[in-house]
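Participant: this one's structure only:
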């Protein structure tokens, strides 16, 4: 007998994927075009990332940028098994937008090259069909732009590095710098920062110049961080004041800003000040010429200490170099009248100086009528001394020898009396 056996079995089948070209948000729906097995059944697709891609009419429909993962399936039949599922992940690139009409705002110098952009007149193109400004629009959040440098100037180039994007689909878009104003950026101006610099009142002692040790102050405006003020002030003339506050102080200078001070504009205001006269406290004298005792002139030897004022030369280290100041004595006298060398002389200076710069000085230190000091000089006596013979041959007597010895005194009113001895060699002598 024959037995008939019926064996039912199915054959395997395989889905063969293909390379999918790069995709960008906004691209049309596409079929992966995977090849199925011998069952002849259609390869179908399903998405596991619906925020990025879905499947519409068995085609991949892109709904956003990011990673799109879909599965490929093929059903079996009586002869073939269902194909093993094939998952595939592809990257959906962001859609590039184009923006025009972005501008930069003018600003006042702030020692920074940062620029502030304006998008009030900008337009956006490149949105995917169906998207609008609520889905994606430009924003200043994350915007970046810079001037060519930080210094003041008109019509300066501004480079736009980025703009921000906002909206429910902003993540699916990109805005390259090359797509902003065609990559050419824009222009704007940096105005110099205005400052008002005020001179400050100052009082000093005459020193022959107009400098002031007090620094002027910036009263309006601010010197920016990174810059340093280099302002000074000076008196209008170096001469001492006639009355207090009769001098004008004027401020000058610039800010050290790396741009020769041109990142600022300056308004200078003046102040009043005083230059006090310089007090003469240190004086020196050249020795008066030697006084010669002569009883026939007006200077009596006994008890007189007078010195010829014209012989007294006075100078002071307190006088500024180059100044014409002439000092003269009111009086000058020896402390004692006896003949001698290195004798002290008392001099009182006349407080009424002369010379072109005399008005810049006042005599000190006590504020009285004069300034007294002592120097030294010499008194000599040129009158003939009185000679008196105190011992020896009698007056008019003849001597038997060729010599005789006399002892005599020389009387000098200043030097005192000296006794000496001399020998006369010959002849007759008369006192």
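Facilitator: Here it is on my side, so go on. Nothing here was measured: the structure is a model prediction, and the numbers come from that model. Numbers count the residues shown, from 1 in each chain.
Participant: Next up, the contacts around residue 266.
Facilitator: Counting by Cβ atoms under 8 Å, 6 or more residues apart in numbering, residue 266 makes contact with 194-197, 254. Yep, even glycine has a C-beta here, placed from its N, CA and C like the rest.
Participant: So which of those is the closest to residue 146?
Facilitator: residue 194 (23.9 Å; Cβ to Cβ).
Participant: Do I have it right that the closest one meets residue 267?
Facilitator: Yes - using Cβ atoms under 8 Å, residue 194 is in contact with residue 267, at 7.1 Å.
Participant: Overlap of the contact sets of those two?
Facilitator: residue 220.
Participant: about what we covered before: from the contacts of residue 266, pick the one nearest residue 27.
Facilitator: Using Cβ to Cβ, the contacts of residue 266 come closest to residue 27 at residue 194, 56.0 Å.
Participant: which non-adjacent residue is nearest that closest one?
Facilitator: Excluding the flanking residues, the one nearest residue 194 by Cβ to Cβ, 6 or more residues apart in numbering is residue 265, at 4.8 Å.
Participant: Please read off the pLDDT at the one you found from the model.
Facilitator: Residue 265 is assigned a pLDDT of 98 by the prediction.
Participant: Equivalent analysis for residue 276, please.
Facilitator: Residue 276 is given a pLDDT of 97.
Participant: likewise the one 3 residues further on?
Facilitator: Per-residue confidence at residue 279 stands at 93 (pLDDT).
Participant: what bridges to it?
Facilitator: residue 362 (DSSP bridges).
Participant: Contact partners for it?
Facilitator: 205, 318, 361-365.
Participant: For residue 204, see how far away it is.
Facilitator: 13 Å (Cβ to Cβ, to the nearest Å).
Participant: Please apply the same query to residue 266.
Facilitator: From residue 266 to residue 204 the distance is 25 Å (Cβ to Cβ).
Participant: hang on, the earlier thing: quick one: which of the contacts of residue 266 is most hemmed in?
Facilitator: residue 197 (25 neighbours; other Cβ atoms under 10 Å).
Participant: Have a look at the protein and report its longest strand.
Facilitator: strand 153-166 (DSSP state E).
Participant: Identify the residues contacting it?
Facilitator: Outside strand 153-166, the residues touching it (Cβ under 8 Å, 6+ apart) are 97, 99, 102, 104, 115, 117, 119, 136-149, 173-175, 177, 180-181, 185-190.
Participant: Go through it and flag the buried ones.
Facilitator: 153, 156-160, 163, 165 (16 or more other Cβ atoms under 10 Å).
Participant: before we move on, what about stretch 122-133?
Facilitator: Applying 16+ other Cβ under 10 Å to stretch 122-133 flags 122, 124, 126-128, 131 as buried.
Participant: Ok, stretch 320-335 next?
Facilitator: Neighbour-count burial for stretch 320-335 [16+ other Cβ under 10 Å]: 323, 325, 327, 329, 332-334.
Participant: Relative to the whole chain's centre, how far out is that stretch?
Facilitator: With Cα atoms, centre = their mean, to the nearest Å as the basis, stretch 320-335 stands 45 Å off its chain's centre.
Participant: Identify the residue nearest residue 170 in space, chain neighbours excluded?
Facilitator: The spatially closest residue to residue 170, leaving aside those adjacent along the chain, is residue 136, at 5.1 Å (Cβ to Cβ, 6+ apart).
Participant: Could I get the contacting residues of residue 126?
Facilitator: Contacts of residue 126 by Cβ under 8 Å, 6+ apart are 95-98, 173, 179.
Participant: do the same with residue 18
Facilitator: Residue 18 sits in contact with 32-35, where contact means Cβ under 8 Å, 6+ apart.
Participant: again, only this time at 10 Å
Facilitator: By Cβ atoms under 10 Å, 6 or more residues apart in numbering, the contact list for residue 18 reads 32-35, 88.
Participant: Report the buried members of those.
Facilitator: The buried subset of these - by 16+ other Cβ under 10 Å - is 32, 34, 88.
Participant: Next, format those as a markdown table and append distance to residue 245, pLDDT and secondary structure.
Facilitator: Formatted as a markdown table, the buried ones among the contacts of residue 18 follow (distance: Cβ to Cβ, whole Å; pLDDT from 0 to 100; DSSP: H, G, I helix; E, B strand; the rest coil):
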| residue | distance to residue 245 | pLDDT | secondary structure |
| --- | --- | --- | --- |
| 32 | 95 | 97 | coil |
| 34 | 100 | 97 | coil |
| 88 | 93 | 98 | strand |
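Participant: Let me see the contact set for residue 15.
Facilitator: Contacts of residue 15 by Cβ under 10 Å, 6+ apart are 32, 34-37, 43, 71-74, 83-86.
Participant: Could you tell me which of those count as buried?
Facilitator: 32, 34, 36-37, 43, 72-74, 83, 86.
Participant: from these, which two are the most distant?
Facilitator: 32 and 37 (15.7 Å).
Participant: Closest to the mean position in the chain, which residue would that be?
Facilitator: Ranked by distance to the mean C-alpha position of the chain (Cα atoms, centre = their mean), the top residue is residue 228 at 4.1 Å.
Participant: Based on its surroundings, how many neighbours for the nearest residue to that residue once chain neighbours are set aside?
Facilitator: What sits nearest to residue 228 in space, not counting adjacent residues and going by Cβ to Cβ, 6+ apart, is residue 256, at 4.7 Å. Neighbours of residue 256 under the rule other Cβ under 10 Å: 14.
Participant: what's the spacing between residue 256 and residue 216?
Facilitator: 15 Å.
Participant: Look up phi and psi at residue 179.
Facilitator: phi -100, psi 0 (degrees, to the nearest 10).
Participant: Kindly apply the preceding question to residue 236 instead.
Facilitator: Dihedral angles (degrees, to the nearest 10) for residue 236: phi -70, psi -30.
Participant: per-residue confidence at it?
Facilitator: 97.
Participant: gap between it and residue 210?
Facilitator: From residue 236 to residue 210 the distance is 7 Å (Cβ to Cβ).
Participant: Ok, residue 41 next?
Facilitator: 105 Å.
Participant: mind listing what the nearest residue to residue 171 once chain neighbours are set aside touches?
Facilitator: Nearest non-adjacent residue to residue 171, counting by Cβ to Cβ, 6+ apart: residue 65, 6.4 Å away. Shown in contact with residue 65 (Cβ under 10 Å, 6+ apart): 23-26, 52, 91-95, 169, 171-174.
Participant: Of all pairs in these, which one is the farthest apart?
Facilitator: Largest separation among the contacts of residue 65 by Cβ to Cβ: 91 and 169, giving 16.9 Å.
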